[in-house]
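[1] Dropping the sequence and predicted coords here.
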Amino acid sequence: MRLGGAASGSQSSLREANRSLVAEVLQRFGALTQVELVGATGLSAATVSSIVKELLAAGLVDTSTTIRSGRRAQLVRLARRTGLVAGVLIGHRQLRVALGDVAHEIVAEQVLPLPDEHRVDTSLDRAALLVVELAERAGATLDEVLAIGVGVPAPVDPGTGMITVPGIMRGWDGVHIVHVMSKRLAKTVVVENDANLGALAESRFGAARGYRDSLYVRASYGTGAGIVISGQVRRGFAGTAGEIGHVQVDPQGAICRCGSRGCLDTVVGANALLAPLRSSHGMLALRDIVQLANDGDPGCRQVVADAGAAIGAVVASLAVAVNPQCVAVGGELAETGEVLIGPMREAIRRRVLLNQITPLEVVPAELGQRAEVLGAIALALEAAEIPLDATEQSGGDSDADEQR
Amino acid sequence: MSGRSGVPLLSMRQISKRFGAVEALTGVDFEVHAHEVVALVGDNGAGKSTLAKMISGVLQPDAGLIELDGQQVSIPNPSAAHELGIATVFQDLALADNLDVTANLFLGHELRENGMLLDGLMEQITKEVLGKLASRIPSVRTPLATLSAGQRQSVAIARTLIGNPRLVVLDEPTAALSAVQTAEVLTHIERLRDLGLGVILISHNMTDVRAVSDRIEVLRHGRNNGSFEASRASFEEILAAITGATHVEPGLRSVG
């Protein structure tokens, strides 16, 4: 945890630094009493008290009365406009749940490590519990949660949330994710492919902001892409648009989980990356490859760079079809930065057609590991508007919320 | 990192222990490398806690060899374990409710200079350690009594990091925790591993075990009954080994 005293210089810049410290701490810990805020920020009680007053006057925080250790205390939390939505990202090895308000600000977030081939019932059950408990942590109730956006690492049917290609997630075939989650939480639930969510978030708030046509590539345990044309995510008829992990790259290659031969994922999926390192590095996790590559380990850098080139070749073909202005690269492997993206960019730039007028931008995603949950929150907010309109008087769209 | 192929951090060979007529452990082999989470699973009475207590110096083996970094050692008591860089979180956590987070972290190992407690330094180290674990405890001056079950578990785990240990033993760390708290503790375990420590995780929850472990060692009636790579073994294979549906011949070790 950071202590106060970051900025030096004028009184006002110190005050500004302290204000943002308080806001930061509230975002990380959820609702805190003023006494707890003093402990968490390292600021004096008087400073915290006056900053809370300022933030309250500016409408940035809400306060309520609570009891701590048998005494009355003032509970401070970040102000939320209108209500909350939840973003749930189900990954191969982790579950990420975040609560956001209508301004797309994340007010609470938690990551849960998942086992390989995790079970659909356990994982959805835990996701639902995490939504409820995170609402509590943020000082809210489940009633304030308007809708839930769920991301899965497979193509999905938007109506039912069923995975449209069997075999990609073992045991998840035929499960109506929308039905299961909305029954548990009694909320509107929308389900979308993870790369499409990343594409949505990056094109609205991230690296592809300001471009009409862009691609988002998610290099993780598997590889996927989201396609944005004229500012809209294009998911295709069955949600499989952009599933570059299942483009054939090796006609003599191994059989993929989807049933085809030589898919990109059989070459750059987590198992394919870990296998060649087994004899030299022992048993690793994908997380270790990223960490080691960033620490300069030549073997791991080699594996990541080769993956970048292989993904780049496929992305180049997709880009020829779509003609985007920008390719944003996210997912765990993108945390190696240029180790992955350098060779990917080179492979994409080799396609003359793409770069005739201006070179196609290939950049790291700006939202990092949060891209997909932010996309899920954005999607849930869109879905939440219908019940809002129906039940309450607020007739406006999300951009024009004048209420506060 | 990448110490997997080298000398194990902890190696236990042919460990046996009897309590009267009860054979708690019979010829058990067990290894942990740096930067590795090894889960110890088995039914009640399979010998998991007995083995863990030997590692933390609470119990002594009747027979067998314990090596740390390839050097034979004996761990006659818990403070010897602490000296050797072994930290343990027992199921009951052993925290003092009336003391604050900092005091609990340094309980019994307070930092002093000329007899004076170095409160400021201890608070600073506490903040650093909690930060390393990405813990959600807002203030290091909070008395333990006011913390949630999950926050107490994270204090107990943070305590193991005081004195730079190499090996951390966690006995049922996620039992009786909520979903958010479980998520936090599992994230802490991943952090410990990423910091380069060896971690021994005792748990009944196969989902949690498979989520964070690199290797799963099954004990059954005080004997080894299978060793699995967590990322390759299925729930069914592990459960079969725990319940005795599959057996491993003594001296033969199955691998994933």
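    Structure's in. What do you need?

[2] Now the residue of the stretch 101-250 of chain B found nearest chain A: closest residue in space that isn't a chain neighbour?
    Going by CB to the nearest CB, chain A is nearest to B:Ser139 of the stretch 101-250 of chain B, at 2.3 Å. The C-beta positions use only the backbone N, C-alpha and C, and glycine is treated the same way. Among residues not flanking B:Ser139 along the chain, A:Gly39 sits closest, at 2.3 Å (CB to CB, 6 or more residues apart in numbering or on different chains).

[3] the longest helix in the chain is where?
    Since no chain was named, I'll use chain A. For chain A, the longest helix by residue count, based on DSSP state H, is helix A:298-322.

[4] Hmm, no, I was thinking of chain B.
    In chain B, assigned by DSSP H, the helix with the most residues is helix B:179-194.

[5] Which neighbouring elements make contact with it?
    Helix B:179-194 is packed against strand A:106-113, helix A:120-137, helix A:286-294, strand B:36-41, helix B:149-160, strand B:198-202, helix B:206-212, with contacts defined by 3 or more CB pairs under 8 Å, 6 or more residues apart in numbering or on different chains; DSSP states H and E.

[6] still on that earlier bit, run a quick neighbour tally on the residue of the stretch 101-250 of chain B closest to chain A.
    Applying other CB atoms under 10 Å in any protein chain shown, we find 25 residues neighbouring B:Ser139.

[7] Kindly list the main-chain dihedrals of the residue nearest in space to the middle of chain B?
    The centroid of chain B falls nearest to B:Val169 when counting by CA atoms, centre = their mean (1.5 Å). Here is the backbone geometry of B:Val169 (degrees, to the nearest 10): phi -110, psi 120.

[8] Mind listing the residues bridging to it?
    Beta-bridge pairing of B:Val169 under DSSP bridges involves B:Thr88, B:Ile200.

[9] excluding its backbone neighbours, what's nearest residue 246?
    I'll assume chain A. Excluding the flanking residues, the one nearest A:His246 by CB to CB, 6+ apart is A:Cys263, at 4.7 Å.

[10] that's the wrong chain, I meant chain B
    Spatial nearest neighbour of B:Thr246, chain neighbours left out: B:Ala240 (4.5 Å); criterion: CB to CB, 6+ apart.

[11] measure the one you found to B:Ala81 for me?
    34 Å (CB to CB, to the nearest Å).

[12] And for A:Leu318?
    56 Å.

[13] Please say which of the two ends up with more neighbours.
    Between A:Leu318 and B:Ala81, counted using other CB under 10 Å, the more crowded position is B:Ala81 (22 against 19).

[14] residues touching the more buried one, list them.
    B:55-57, B:75, B:87-88 (CB atoms under 8 Å, 6 or more residues apart in numbering or on different chains).

[15] Any idea how many residues pack against the residue of the stretch 151-300 of chain A found nearest chain B?
    Closest contact between the stretch 151-300 of chain A and chain B, by CB to the nearest CB, is at A:Gly282 (3.2 Å). Neighbour count of A:Gly282, defined by other CB under 10 Å: 18.

[16] so what's residue 191 up against?
    Picking chain A for this. A:149-152, A:156, A:158, A:161, A:177-178.

[17] please go with chain B instead
    B:Arg191 neighbours (CB under 8 Å, 6+ apart): B:132-134.

[18] do A:Ala272 as well
    A:265-266.

[19] Please identify the helix or strand for it.
    A:Ala272 belongs to helix A:270-274 when assigned by DSSP states H and E.

[20] buried set for the following helix or strand past that helix?
    Once the chain leaves helix A:270-274, the next helix or strand it forms, by DSSP H and E, is helix A:278-281. Counting neighbours by 16 or more other CB atoms under 10 Å in any protein chain shown, one finds that the buried residues in helix A:278-281 are A:His281.
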